[in-house]
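> with the input below, show me the fold.
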Amino acid sequence: MQILCAIACQYGFTENNLVIFEDNDISGMTRIDEQEGVRALVNAIERDEIKAVFLLSEYSLLRNAALIDVSYFIELCRRHHVHVVTLTQVYDFGDPMHVHLFHFVLEAESYSMYTRTTIARRFKALRKAEAALEEKE
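Next up is the predicted model:
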C-alpha cells in the first residue's frame, strides 16, 4: 500500500486526501459485486468523491471480473473523469486507445494466470502419476 501512496504523492495527492479501499481477505474468485471494497470504490466514483484510482496493476482490481463488470467500471470512470493509475500506465478512459489497452492488459494477465495454473496442475498430476508408478515397481 505504501507504494501506491508514494505514487499518488508524485501526482500531487497528499496522504490526507487519499481514501484507501481494500479487499485483502477476499478470495480472487469472489464476484466483483460481492467485494465490499470494490462496491465502496464504485459508490465513491458515482458520488464524484474521487478523481483517481491507484492500482498496482489492472488485474489487482478486476481479476476474474466479467467483461460487463470491466466495461461498467471503465464507463463509470470515463463518465466521472476518473483516471486509473498503475505502476506502468495512466489511463484516461475518455481516450478509446486507453480503453483498448486496459482490456488488453487484463486479458493478457488473465491468460497468463490461466496458463501458469494449468501448467502447474499438469505437472502436479504428472508427478502424482510417476509416484504411483514407482510404488507399483
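> can you count the residues close to residue 54?
Neighbourhood size, residue 54 [other Cβ atoms under 10 Å]: 22. Backbone N, C-alpha and C define where each C-beta goes, glycine included.
> that one: what's its closest spatial neighbour, skipping adjacent residues?
residue 4 (4.5 Å; Cβ to Cβ, 6 or more residues apart in numbering).
> who are the packing partners of the one helix or strand the one you found maps to?
Element membership for residue 4, per DSSP states H and E: helix 2-10. Secondary structure elements in contact with helix 2-10, counted by 3 or more Cβ pairs under 8 Å, 6 or more residues apart in numbering; DSSP states H and E, are strand 52-54.
> run through who's touching the strand it packs on.
4, 7-8, 11, 13, 41, 45, 61, 77, 82-86 (Cβ atoms under 8 Å, 6 or more residues apart in numbering).
> count of residues packed around residue 104?
Residue 104 has 11 neighbouring residues, counting by other Cβ under 10 Å.
> helices along this protein, start to end?
With helices called from DSSP state H, the chain shows them at 2-10, 36-46, 58-62, 67-79, 96-136.
> what pLDDT, on average, does the fourth one get?
I take that to be helix 67-79. Averaged across helix 67-79, pLDDT comes to 87.
> could you say which of the helices of the chain is packed most deeply?
Highest mean neighbour count among these (mean count of other Cβ atoms under 10 Å): helix 58-62, with a mean of 20.
> low-confidence ranges, this protein, go.
Applying pLDDT under 70 to the chain flags the ranges 23-33, 62-68, 110-114, 116, 137.
> what do you get if the cut-off is 50, keeping everything else the same?
Nowhere does the chain drop to pLDDT under 50.
> hang on, the earlier thing: tabulate the contacts of strand 52-54 (JSON lines), appending distance to residue 103.
Shown next, in JSON lines, are those (distance: Cβ to Cβ, whole Å):
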{"residue": "4", "distance to residue 103": "22"}
{"residue": "7", "distance to residue 103": "22"}
{"residue": "8", "distance to residue 103": "24"}
{"residue": "11", "distance to residue 103": "24"}
{"residue": "13", "distance to residue 103": "26"}
{"residue": "41", "distance to residue 103": "19"}
{"residue": "45", "distance to residue 103": "19"}
{"residue": "61", "distance to residue 103": "14"}
{"residue": "77", "distance to residue 103": "13"}
{"residue": "82", "distance to residue 103": "17"}
{"residue": "83", "distance to residue 103": "17"}
{"residue": "84", "distance to residue 103": "12"}
{"residue": "85", "distance to residue 103": "17"}
{"residue": "86", "distance to residue 103": "14"}
